[in-house]
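Colleague: Give the three-dimensional model of this entry:
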Amino acid sequence: MEIVLATANAHKKREITEILHRHTVLLPAEIGVRFCYEETGTTYLENAVGKARELFRQVGKPVIADDSGISVPSLGGAPGVYSARFGADEGRDDLDDVGRYELLLKKMAGRGDRSAFYVCCMVLILEEYRYFVAQETLHGELAENPAGSGGFGYDPIFLLPDRGKTVAQISPDEKHRISHRGRAGRRIGEILEAIENERL
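Modeller: Numbering: from 1, shown residues only. Predicted coordinates:
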């Protein structure tokens with residue numbers, strides 16, 4: 001199946017293409033569509049559904065959207081749905097991935113509880129009133145210092161205690177097996193398979 005992904009993020013496209021390897025995943029720009037959506041929701045679900053519906057309105061074909069982020073209990077769940085815009089409320093709109101995770105580490109200075117978890121909400125729209133949702137998590141801790149060159153976003157500081165490595169230090173295949181996006185993507189993949197086999 002050919003599916004349009006509601007993002008301009010090449011990293012997300014690569015990961016979702018690898019997870020949904022039986023399908024063709026395209027960015028809006030690859031089919032000549034300019035897509036921009038302002039995330040105003042207060043939950044991952046609101047943002048993911050909003051993005052998916054807007055892109056489906058534009059392209060009229062199967063669409064996947066995801067909203068994801070990192071939550072830190074000792075910071076009241078921040079940055080959460082604002083992970084991609086972390087620091088903007090302090091006037092720091094120019095932060096890149098490194099700037100955002102460095103800001104998060106700064107805010108964690110001196111805190112004992114370093115637990116954190118990733119969330120990914122993924123939405124598949126097939127028709128205007130036919131859509132499916134999968135939301136998954138990955139639990140870990142915040143490292144004291146960044147490590148690794150893989151992944152993207154907060155991966156260099158997201159520590160997997162049972163492995164003694166950050167997400168940025170594990171292979172892409174291992175990341176897809178355990179990550180929030182990998183888990184949600186597999187659920188969506190199972191739905192796509194069932195649809196192709198006419199079970200849904």
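
Colleague: Next, the contact list for the residue nearest the centre of the chain, please.
Modeller: Centre of the chain computed as the mean C-alpha position; nearest residue by C-alpha atoms, centre = their mean is residue 68, 3.6 Å away. With contact set as C-beta atoms under 8 Å, 6 or more residues apart in numbering, residue 68 has these partners: 44, 83, 118-121, 180-181. Backbone N, C-alpha and C define where each C-beta goes, glycine included.

Colleague: One more pass at 6 Å, please.
Modeller: By C-beta atoms under 6 Å, 6 or more residues apart in numbering, the contact set of residue 68 is residue 120.

Colleague: helix/strand/coil for it?
Modeller: Under the three-state scheme (DSSP: H, G, I helix; E, B strand; the rest coil), residue 68 adopts strand.

Colleague: what's near enough to touch the closest residue to residue 150 other than its chain neighbours?
Modeller: Nearest-residue entry for residue 150: residue 168, 4.8 Å, with adjacent residues in sequence omitted and distances by C-beta to C-beta, 6 or more residues apart in numbering. The neighbours of residue 168, taking C-beta under 6 Å, 6+ apart as the test, are 148, 150-151, 155-156.

Colleague: Mind picking the two most distant members of those residues?
Modeller: With C-beta to C-beta as the measure, no two of those lie farther apart than 150 and 156, at 8.5 Å.

Colleague: more crowded one of these two?
Modeller: When neighbours are counted by other C-beta atoms under 10 Å, residue 150 and residue 156 differ, and residue 156 comes out ahead with 23 against 15.

Colleague: hmm, back to that, mind checking pLDDT for the residue nearest to residue 150?
Modeller: Residue 168 carries a pLDDT score of 97 in this model.

Colleague: Please enumerate the helices of the protein.
Modeller: Under the criterion DSSP state H, the chain carries helices at the ranges 10-19, 44-59, 97-107, 172-178, 180-196.

Colleague: For those, which has the smallest mean pLDDT value?
Modeller: Considering these one by one, the lowest average pLDDT is found for helix 10-19, at a mean of 92.

Colleague: Bridge partners for the residue nearest to the centre of the chain, pull those for me.
Modeller: Note on residue 68: beta-bridge partners residue 120, judged by DSSP bridges.

Colleague: same deal with residue 142?
Modeller: Following DSSP bridges, residue 142 is listed with bridge partners residue 158.
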